[in-house]
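>>> Output the structure for:
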Amino acid sequence: MRLVHGIGGLWLATVLAVQTAPAMSAGTAPQAASVTPATAVAADRQRLRIIALAPHIVELLYAIGAGEQIIGTTEYANYPEAANHIPRVGSYAGLQIEKILQMKPDLIIVWGTGNPLPDLERLQHYGLPVVYSDVTRLDDVASELRHFGQLTGHEKRAEQQALAYEQRLQQLRHRFAGKAPVRVFYELWSRPLTTVAGNAWPQQQLILCGAHNPFASLDQDYPGVGLEQVIVSAPEVIIQPSHNTNDNSNIDADAVNWSRWPTIPAVKNQQMIHPNADKLHRMTPRALDEIQVLCEQIDRAR
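This is a model prediction of the structure:
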C-alpha cells in the first residue's frame with residue numbers, strides 16, 4: 001500500500017491506482033482530487049501531466065518512456081539531456097507553489113526526504129494530487145520503476161527496465177560476494193566532514209563491494225566525523241565522489257586534501273577513488289554503472 005495525499009485527509013491507494021486532479025479554472029479554488037483506477041485505458045494515463053520533484057524521479061520516468069509527460073521539475077535534474085529543458089519549479093531549498101498551481105498538473109511525484117516538508121504540506125492543502133517516491137534500498141529501484149509504470153500507463157517498458165535492473169544488481173552482488181574486506185573512508189561532504197553509515201544509500205553500495213566502513217555502526221546514516229578519527233581508522237581506500245561530471249578524475253574544489261597525511265595507507269598507496277556523484281547518489285538504474293566502477297576500483301586495493 002502507498003499513501004496518496006489529497007485535501008480533506010489521506011486516501012489509501014495501492015500501486016494499482018492513479019490519482020488525478022480536476023482542472024482548475026482561473027479564479028476558482030482548487031478542488032479535492034479524485035482517484036482513477038489503474039484499469040483506466042493506458043493511453044489516458046500516458047496523457048497525465050506530471051511534475052517530478054527530484055532528479056531521480058525524472059530519470060526513472062524517462063527510463064520507462066514517460067519523460068515527455070513531465071511538465072516541471074527541480075534544479076539538478078540533468079539526465080537525460082532532454083531533462084535540462086523541463087521548466088524548473090524549485091530546488092531542495094524550496095518549491096514555487098504558485099507556479100505549480102498555475103501549471104495544473106494531473107500528478108505530482110515528490111521525494112519525502114528531498115523536498116521541504118512545509119512545501120509538501122502546502123501542496124496537499126491545495127488538494128493537488130501528490131504521490132511519494134519511496135526508495136531506500138538498492139532493491140527498491142525496481143519496485144519504483146514498476147510503480148511509476150502503473151501510474152503512467154507504461155507498464156510493459158517499466159517491467160523490462162525493472163527486470164534488467166534486478167538481474168544486473170544480482171550479478172554485481174554475486175561477483176563481489178566473499179571478497180576480502182577493504183577498509184574504506186567515504187567522504188560524502190568535507191565541510192563539515194561527513195561520511196556514511198547505517199542504511200545510507202552509499203553504505204549499501206560499500207557492503208555490495210565488500211568494503212569495510214569503520215564508521216558504519218554510528219547512530220546516523222550520514223554522521224559527522226573528525227579528521228583525527230579518519231586518520232586513526234587508517235583507511236586503505238578513500239572515496240571522494242566528484243560532482244564534476246565531465247571528468248571523474250577531478251575532485252571537488254572543497255574536498256579534503258588527504259595528501260597532507262601521507263601515513264594514511266590510502267594516501268601512501270595512492271588508493272583515492274573519485275566516482276561520479278550524480279550516478280552514484282541517485283536511486284536509478286544508472287547507479288549500477290558507477291557501483292560497478294566503484295567495486296572494481298576497491299577490488300584493485302585488495
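
>>> pLDDT score assigned to Pro202?
With respect to pLDDT, Pro202 scores 98.

>>> What residues does it make contact with?
By Cβ atoms under 8 Å, 6 or more residues apart in numbering, the contact set of Pro202 is Tyr186, Leu188, Val196, Pro241, Leu280, His281. Just so you know, the C-beta spots here come from the backbone N, C-alpha and C atoms, and that holds for glycine as well.

>>> and what of Arg88?
Arg88 neighbours (Cβ under 8 Å, 6+ apart): Gly72, Thr73, Thr74, Glu75.

>>> let's go with 7 Å and repeat that
If you count contacts by Cβ atoms under 7 Å, 6 or more residues apart in numbering, Arg88 has them with Thr73, Thr74, Glu75.

>>> same deal with Ile50?
Ile50 neighbours (Cβ under 7 Å, 6+ apart): Leu61, Gln69, Ile70, Ile71, Pro105, Asp106, Leu107, Ile109.

>>> which stretches of the stretch 201-302 of the chain have low pLDDT?
Scanning the stretch 201-302 of the chain for pLDDT under 70 picks out 244-250.

>>> so where do the helices sit in it?
Using DSSP state H, counting those that start in this stretch, the helices of the stretch 201-302 of the chain run over 201-209, 227-233, 265-268, 277-281, 287-299.

>>> Out of these, the one nearest His85 is which?
Evaluated with Cβ to Cβ, the helices of the stretch 201-302 of the chain place helix 277-281 nearest to His85, the distance being 17.6 Å.

>>> relative orientation of the longest helix anywhere in the chain and helix 287-299 in degrees?
The helix spanning the most residues in the chain, taking DSSP state H as the definition, is helix 155-176. Here helix 155-176 runs at an angle of 10 degrees relative to helix 287-299 (axes from the mean of the first three to the mean of the last three Cα atoms, to 10 degrees).

>>> send the alpha carbons of helix 155-176 over as PDB?
The C-alpha trace of helix 155-176 is given here as PDB (Å, rounded to 0.1, in the frame of the first residue of the first chain):
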ATOM      1  CA  GLU A 155       3.800  -1.000 -17.500                       C
ATOM      2  CA  LYS A 156       5.500  -3.000 -20.200                       C
ATOM      3  CA  ARG A 157       8.600  -0.800 -20.600                       C
ATOM      4  CA  ALA A 158       8.700  -0.400 -16.800                       C
ATOM      5  CA  GLU A 159       8.700  -4.200 -16.300                       C
ATOM      6  CA  GLN A 160      11.500  -4.600 -18.800                       C
ATOM      7  CA  GLN A 161      13.600  -2.000 -17.000                       C
ATOM      8  CA  ALA A 162      12.900  -3.400 -13.600                       C
ATOM      9  CA  LEU A 163      13.900  -6.900 -14.600                       C
ATOM     10  CA  ALA A 164      17.100  -5.700 -16.200                       C
ATOM     11  CA  TYR A 165      17.900  -3.800 -13.100                       C
ATOM     12  CA  GLU A 166      17.200  -6.700 -10.800                       C
ATOM     13  CA  GLN A 167      19.300  -9.100 -12.900                       C
ATOM     14  CA  ARG A 168      22.300  -6.700 -13.000                       C
ATOM     15  CA  LEU A 169      22.100  -6.000  -9.300                       C
ATOM     16  CA  GLN A 170      22.100  -9.700  -8.600                       C
ATOM     17  CA  GLN A 171      25.100 -10.200 -10.900                       C
ATOM     18  CA  LEU A 172      27.100  -7.500  -9.100                       C
ATOM     19  CA  ARG A 173      26.300  -9.000  -5.700                       C
ATOM     20  CA  HIS A 174      27.400 -12.400  -6.900                       C
ATOM     21  CA  ARG A 175      30.600 -11.000  -8.500                       C
ATOM     22  CA  PHE A 176      31.800  -9.200  -5.300                       C
END
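
>>> So which residues of the stretch 1-150 of the chain form strands?
Using DSSP state E, counting those that start in this stretch, the strands assigned to the stretch 1-150 of the chain run over residues 2-6, 9-13, 17-20, 34-37, 50-52, 70-73, 90-91, 94-95, 107-111, 130-133.

>>> For the ones you listed, which has the smallest mean pLDDT value?
Among the strands of the stretch 1-150 of the chain, strand 9-13 has the lowest mean pLDDT, at a mean of 31.
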